[in-house]
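>>> What would the 3D arrangement of this be:
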Amino acid sequence: PSALFMLVLFAWPLAEAVGIAFTDGSGVWSLQNFRAMADDLNFTDAARNTVLLVIVVVPLQLALALALATLLGNLHRGRDIHLYVWTIPLGISDLAAGIVWLAIMSERGYLNTALQALGIIDGPALWLSYETPWALFTAVVVAEVWRATAIMLVIIVAGMQLIPKEYGEAAEVFGATPWQRFVKVTLPSLKPSLQTALILRTILAFEVFAVVVALGGRNLPVLVGEAYAWQNDYQNSGVASAYAVLILAISLAVTFFYLRVLRVREETLA
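Residues are numbered from 1 along each chain as shown. Below is the predicted model:
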């Protein structure tokens, strides 16, 4: 059953997408779609914005997830309640999260209302306009950090529960500070969990779409957004598939990088 599931829902669509990306309109094998993708006016901006989002969002989420997981581990009461509250964004769809932050950051949103009430600004500011690209980028970063940090948090919390308490107690006996215990004991023991969390979150960050569309439309081009535009607006499945294949190639490269950098040696596990 698992092999059939992978074949029907993964391998077959993947082969179809690759076939469409590498053929022209007459069905002949060609790089025409990739040339059209590279010539797209938004391609460079989309690639740059996507990479910048990954570079900014993923480390922020990792640092925040580690901090929250450590704080959770030091709580003696109410752990379940805190974890439940912190993971509430997991139950919210990407589009719904984008709409929530749109209500905050829009011209008549809560942020402008609060700033006007405090006398910081005289009138509504356009945070999500093409004229303020860095404000729009920051809004997407904040929305993504709020929405998806819980994914990494759950994985890291699960990994921390597997670390024997004797390791930290032994380090404390030998005079290690809390920071030294975290760096020398906790982080090395979390390698498998960090590997999983980083692979999953980085791939999902390269596929960011709904939050960007909700907040800025095409004012902040991203790779998946361009793939959607070529398929839905331009009705060009070839170029849309070329974008999809590019995202797949980047995801595979990132996965291989994490597997190499954060690999756990067999003797460590033994």
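>>> quick one, what contacts residue 75?
The neighbourhood of residue 75, defined by C-beta atoms under 8 Å, 6 or more residues apart in numbering, consists of residue 82. All C-beta spots, glycine's among them, are computed from the backbone N, C-alpha and C.
>>> can you confirm it is in a helix?
No. Going by DSSP: H, G, I helix; E, B strand; the rest coil, the assignment for residue 75 is coil, not a helix.
>>> That one and residue 223, how far apart?
According to C-beta to C-beta, to the nearest Å, residue 75 and residue 223 sit 40 Å apart.
>>> for residue 32, same thing?
According to C-beta to C-beta, residue 32 stands 19 Å off from residue 223.
>>> go on, residue 166?
Distance, residue 166 to residue 223, by C-beta to C-beta: 46 Å.
>>> who has more neighbours, those two?
Neighbour count, other C-beta atoms under 10 Å: between residue 166 and residue 223, residue 223 has more, with 24 against 8.
>>> How many neighbouring residues does residue 81 have?
Per other C-beta under 10 Å, the neighbour tally for residue 81 reads 10.
>>> Residue 154 versus that one, what's the distance?
Distance of residue 81 to residue 154, given as C-beta to C-beta: 15 Å.
>>> again, but for residue 41
Distance of residue 41 to residue 154, given as C-beta to C-beta: 40 Å.
>>> can you check residue 46 too?
Taking C-beta to C-beta as the measure, residue 46 falls 30 Å from residue 154.
>>> Neighbour count: the two, which is higher?
Applying other C-beta under 10 Å to residue 46 and residue 154 shows that residue 46 carries more neighbours, namely 23 against 18.
>>> contacting residues around that one?
For residue 46, the contact set (C-beta under 8 Å, 6+ apart) comprises 40, 221-223, 225-226.
>>> can you give me how far stretch 11-29 is from the chain middle?
Per C-alpha atoms, centre = their mean, to the nearest Å, the displacement of stretch 11-29 from the mean C-alpha position of its chain is 28 Å.
>>> got a list of contacts for it?
The set of residues external to stretch 11-29 that reach it, using C-beta under 8 Å, 6+ apart, is 30-34, 237-238, 241-242, 244-245, 248.
>>> Check the residues you listed for burial and list the buried ones.
When the contacts of stretch 11-29 are checked for burial by 16 or more other C-beta atoms under 10 Å, the buried set is 32-34, 237-238, 241-242, 244-245, 248.
>>> And the furthest pair within those residues?
32 and 248 (18.8 Å; C-beta to C-beta).
>>> Okay, strands next: where are they in the protein?
With strands called from DSSP state E, the chain shows none.
>>> By mean pLDDT, flag the weakest helix or strand of it.
For the chain, the helix or strand with the lowest mean confidence is helix 266-269, at a mean of 49 (criterion: mean pLDDT, DSSP states H and E).
>>> So what touches stretch 84-93?
Residues from elsewhere that reach stretch 84-93, judged by C-beta under 8 Å, 6+ apart: 68, 97, 100, 146-151, 153-154, 210.
>>> quick one: which of the residues you listed sit in helices?
Counting by DSSP state H, the contacts of stretch 84-93 place 68, 97, 100, 146-151, 153-154, 210 in helices.
>>> Now render those residues as TSV, adding pLDDT and distance to residue 88.
Listed next are these as TSV, based on pLDDT from 0 to 100; distance: C-beta to C-beta, whole Å:
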residue	pLDDT	distance to residue 88
68	92	13
97	89	11
100	90	12
146	92	10
147	90	10
148	90	12
149	92	11
150	92	8
151	92	13
153	93	11
154	92	12
210	91	18
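>>> now those residues: which count as buried?
Buried subset of the ones in helices among the contacts of stretch 84-93 (neighbour count, 16+ other C-beta under 10 Å): 68, 97, 100, 146-151, 153-154, 210.
>>> Now for residue 176: which residues touch it?
By C-beta under 8 Å, 6+ apart, the contact set of residue 176 is 184-185.
>>> any idea how far it lies from residue 169?
Distance from residue 176 to residue 169, by C-beta to C-beta: 10 Å.
>>> just residue 243 next, same as before
From residue 243 over to residue 169 the distance is 52 Å, taken as C-beta to C-beta.
>>> and stretch 233-243, C-alpha only, in PDB?
Output in PDB follows, covering the C-alpha atoms of stretch 233-243 (Å, rounded to 0.1, in the frame of the first residue of the first chain):
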ATOM      1  CA  ASP A 233      -2.800  33.500 -15.500                       C
ATOM      2  CA  TYR A 234      -0.800  32.600 -18.600                       C
ATOM      3  CA  GLN A 235      -2.100  29.100 -19.100                       C
ATOM      4  CA  ASN A 236       1.500  27.900 -19.800                       C
ATOM      5  CA  SER A 237       2.000  24.500 -18.100                       C
ATOM      6  CA  GLY A 238       5.500  24.200 -19.600                       C
ATOM      7  CA  VAL A 239       7.000  27.200 -17.800                       C
ATOM      8  CA  ALA A 240       5.000  26.500 -14.700                       C
ATOM      9  CA  SER A 241       6.500  23.000 -14.600                       C
ATOM     10  CA  ALA A 242      10.000  24.400 -15.200                       C
ATOM     11  CA  TYR A 243       9.600  26.500 -12.100                       C
END
